[in-house]
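In: below are the sequence and a predicted model for it; my questions follow.
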2 protein chains.
Amino acid sequence: MSERTEISDLGEFGLIDHLTKNIELQNASSVLGVGDDAAVIDHFGKQTVVTTDLLLEGVHFDLMYTPLKHLGYKSIVVNLSDVYAMNAIPTQVTLSIGISNRVSLEALNEFYDGVYAACNHYGVDLVGGDTTTSQKGFVISVTAIGEVAPDKFVKRNTAQKGDLLCVSGDLGAAYIGLLFLEREKKIFLESPGVQPDLEQETYVIGRLLKPEARKDMIEFFAEQEIIPTAMMDISDGLSSEILHICKQSNMGCVLYEDKIPIAEETRMAAFKFEIDPTACALSGGEDYELIFTVAQSDYEKINGNPQISIIGYITEPEAGCTIITKGGGQHKITAQGWNPIK
Amino acid sequence: MSERTEISDLGEFGLIDHLTKNIELQNASSVLGVGDDAAVIDHFGKQTVVTTDLLLEGVHFDLMYTPLKHLGYKSIVVNLSDVYAMNAIPTQVTLSIGISNRVSLEALNEFYDGVYAACNHYGVDLVGGDTTTSQKGFVISVTAIGEVAPDKFVKRNTAQKGDLLCVSGDLGAAYIGLLFLEREKKIFLESPGVQPDLEQETYVIGRLLKPEARKDMIEFFAEQEIIPTAMMDISDGLSSEILHICKQSNMGCVLYEDKIPIAEETRMAAFKFEIDPTACALSGGEDYELIFTVAQSDYEKINGNPQISIIGYITEPEAGCTIITKGGGQHKITAQGWNPIK
């Protein structure tokens, strides 16, 4: 009898490691392959960045509370976020969709309205794709391509001891938004007459349904002539991403709970659910903010930017990854981010 | 009440036209967008070609008779075929998969064995992707990237009056292979004890399950300094692709039935099913051969290549697209290729 190993035993990153461990790059133009936010391809003077994401109905989105226009917008944005996370500028996207006969043309138009809105907002061109039928559920696959000056791309595995650990914007909102929408869905399914009560939660719900990618951060880095020493986008929760950077850089870190940026709206909403907003920032997903490290010599440059929070610093690997809580306690950071392989 | 239009009313190409009709390219590097085998992006001295395909279980493949290793191989090859169809050389691929918990790690290993075999055979690098769970069915999305010397890429819409209409290899085999496998599946489902009888059909089944992309043709064109005037790959059947080239080039054509290359194995297999092998070539899909047009001045260069058949020529648009049958009859060519939107 043949052996059978469950995929769930490995988890997403274990699975990716397993499947890609034997790759040997053959083309001189393949500067960076699997394992970062995006691949890097050399093209005579500029380097090209490529990243791709697969979004499946019922896994990544619920059409019951996701407007199709927002879904189209978000499908593009989450890929652009990966390009920005390489310190690159996105220029083109391809979009493939699989649709069941449940989807009408009007619905698809709404979806594409969102796609084009995102393309316009971020200045990228939709240059190709594939359209097919699906037996069940809406399937979306986006590939984004961007450009970066040679050797200006920023990887995950290059954080250095003493570097400042920074994040853009604020964290945890999208997760709370998801909790609200899931709660309202449950109420609606039980009592279809009840109108959803979401008006007070527009911020957190907006962060979930219509995230933006941090183009402004990449522009700020260019203006200030900052090249982060390591960077990635925050899609699976802060703690998961910090552990990626530290593990891949073979470093440790100290993170201060009271420095983690959390919007007042997120705190209020978390209060209603009686959950800890810090936990939302650490373990919630889909914030699409950037986490990056910079040399201490760049402190003055970043300190004046209200969109950047310095939340800790990089240490030697022996020290591990530690969070200092508001009460002064020290805990090991563990990954409890969203796991798409379950 | 809001309007509802069924997607099936438009068909795949109508749908793509509809969804992409308002695209305005924003980046100077976007040389060619939606509407060909692949997009073209300019990168300072070389141009980059990008193409993507979405393959869904139950729509594009049936795991009951598709070995996973072959599926992995084919997933890559069908995308490379689109790159070659631009007269470009593929260099990188990204691969995203969605898998249900029905898929074991061993099964996934087989799939990736095929993926890597294709990457090695064609000299391309797997540089990224996404791995996620799916609620139902195996989802595969591949994006292939290639390079081409500036302005050497070949589009579909540039065939000229008097050009020779050519195809590589032979046609119709994959469709017959599919008929055999579907028949054996039906027999197996009705009488699980019966062993499949496929040994005599290895050629046609091989063409379906493990197609190859015509890298050799692109190399031949380069050696002979031929630049086809128009080209695309044959994935939906010869007649569908001829109509694409003629419609997009605003030309007509004459096609000779007796010039269409069909392997002896395909003729024999078609005979068993009592179907016309010409119909298989015209309307069957998944041959992944190249159809191209060349100037008459290139006749001597291509005439000696046994892998190339001259099957007709390009005419003025007023003449329409005509097939001259073996009996000397004239018929209008109609598209009956495989329609993924149904």
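Out: Yep, that arrived.

In: tell me how far A:Leu54 lies from B:Arg102.
Out: Counting by CB to CB, to the nearest Å, the separation of A:Leu54 from B:Arg102 is 18 Å. C-beta coordinates here come from the backbone N, C-alpha and C atoms, glycine included.

In: neighbour-wise, which of those two wins?
Out: A:Leu54 (25 against 12; other CB atoms under 10 Å in any protein chain shown).

In: was I right to think that one contacts B:Val139?
Out: Yes - applying CB atoms under 8 Å, one finds A:Leu54 in contact with B:Val139, separated by 6.6 Å.

In: shared neighbours of those two, anything?
Out: Residues touching both A:Leu54 and B:Val139 (CB atoms under 8 Å, 6 or more residues apart in numbering or on different chains): A:139, B:96-98.

In: now stretch A:110-123: average pLDDT?
Out: Mean pLDDT, stretch A:110-123: 91.

In: for stretch A:48-62, same thing?
Out: pLDDT averaged over stretch A:48-62 gives 89.

In: close to chain B, is that stretch?
Out: Yes - judged by CB under 8 Å from any CB of the partner chain, stretch A:48-62 comes into contact with chain B at A:48, A:50-54, A:56-60.

In: would you mark the buried spots in that stretch?
Out: Neighbour-count burial for stretch A:48-62 flags A:48-57, A:59-61 (criterion: 16 or more other CB atoms under 10 Å in any protein chain shown).

In: can you lay out these as a markdown table showing secondary structure and distance to B:Ala213?
Out: Below are the buried residues of stretch A:48-62 laid out as a markdown table (DSSP: H, G, I helix; E, B strand; the rest coil; distance: CB to CB, whole Å):
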| residue | secondary structure | distance to B:Ala213 |
| --- | --- | --- |
| A:Thr48 | strand | 22 |
| A:Val49 | strand | 25 |
| A:Val50 | strand | 20 |
| A:Thr51 | strand | 24 |
| A:Thr52 | strand | 20 |
| A:Asp53 | strand | 25 |
| A:Leu54 | strand | 23 |
| A:Leu55 | strand | 28 |
| A:Leu56 | strand | 28 |
| A:Glu57 | strand | 31 |
| A:Val59 | coil | 31 |
| A:His60 | coil | 31 |
| A:Phe61 | strand | 34 |
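
In: ok, which pair from those residues is furthest apart?
Out: Within the buried residues of stretch A:48-62, A:Thr48 and A:Glu57 form the most distant pair, 30.5 Å apart (CB to CB).

In: burial check on A:Asn250, number of neighbours?
Out: 10.

In: let me fix that, I meant to ask about A:Asn101.
Out: Count around A:Asn101 with other CB under 10 Å applied: 13.

In: that's a strand at it, yeah?
Out: No - A:Asn101 is assigned coil when assessed by DSSP: H, G, I helix; E, B strand; the rest coil, not a strand.

In: so it touches B:Glu6, yeah?
Out: Yes - using CB under 8 Å, A:Asn101 is in contact with B:Glu6, at 7.1 Å.

In: what's the following helix or strand after the helix or strand containing A:Ala279?
Out: A:Ala279 is part of helix A:277-283, with elements assigned from DSSP states H and E. Per DSSP H and E, the first helix or strand lying C-terminal to helix A:277-283 is strand A:289-294.

In: looking only at pLDDT, what's the mean for the helix or strand harbouring A:Tyr313?
Out: If you go by DSSP H and E, A:Tyr313 is part of strand A:308-315. For strand A:308-315, mean pLDDT rounds to 98.

In: stretch A:321-331 now?
Out: Taken as a whole, stretch A:321-331 carries a mean pLDDT of 94.

In: count of neighbours near A:Val78?
Out: Look at A:Val78: counted by other CB under 10 Å, it has 22 neighbours.

In: relative to A:Val167, how far out is it?
Out: Applying CB to CB, the value for A:Val78 to A:Val167 is 17 Å.

In: low-confidence stretches in the stretch 101-250 of chain A?
Out: Within the stretch 101-250 of chain A, no stretch has pLDDT under 70.

In: now with 80, please.
Out: Applying pLDDT under 80 to the stretch 101-250 of chain A flags residues A:101, A:150-151, A:192-199.

In: what ranges does chain A have for its strands?
Out: Counting by DSSP state E, chain A has strands at residues A:30-32, A:39-43, A:46-56, A:89-99, A:125-133, A:139-148, A:164-168, A:230-234, A:252-256, A:289-294, A:308-315, A:321-324, A:330-332.

In: counting contacts, what elements does the helix holding A:Ala279 pack onto?
Out: Packed against helix A:277-283 by the contact rule (3 or more CB pairs under 8 Å, 6 or more residues apart in numbering or on different chains; DSSP states H and E) you find helix A:173-190, helix A:238-249, helix A:264-273.

In: let's see that with 6 Å instead.
Out: helix A:238-249, helix A:264-273 (3 or more CB pairs under 6 Å, 6 or more residues apart in numbering or on different chains; DSSP states H and E).

In: nearest to B:Tyr112, of the shared contacts of A:Leu54 and B:Val139?
Out: B:Ile97 (9.3 Å).

In: mind checking how far the closest one is from chain A?
Out: 7 Å (CB to the nearest CB, to the nearest Å).

In: could I get the contacting residues of that residue?
Out: If you count contacts by CB atoms under 6 Å, 6 or more residues apart in numbering or on different chains, B:Ile97 has them with B:131, B:140.

In: likewise A:Glu110?
Out: Contacts of A:Glu110 by CB under 6 Å, 6+ apart are A:68-69.

In: roughly how far apart are it and A:Thr66?
Out: To A:Thr66, A:Glu110 is 11 Å away according to CB to CB.

In: can you check A:Glu223 too?
Out: As judged by CB to CB, A:Glu223 and A:Thr66 stand 35 Å apart.

In: more neighbours: which of those two?
Out: A:Thr66 (17 against 9).

In: out of the strands of chain A, which comes closest to A:Leu179?
Out: Nearest of those to A:Leu179, taken as CB to CB: strand A:230-234 at 17.9 Å.

In: buried ones in the closest one?
Out: Buried residues in strand A:230-234, counted by 16+ other CB under 10 Å: A:230-234.

In: in the stretch 151-300 of chain A, which residue sits nearest chain B?
Out: When scored by CB to the nearest CB, the stretch 151-300 of chain A has A:Ser235 as its residue closest to chain B, at 10.9 Å.

In: how about that residue, phi and psi?
Out: Main-chain torsions, A:Ser235, degrees, to the nearest 10: phi -110, psi -20.
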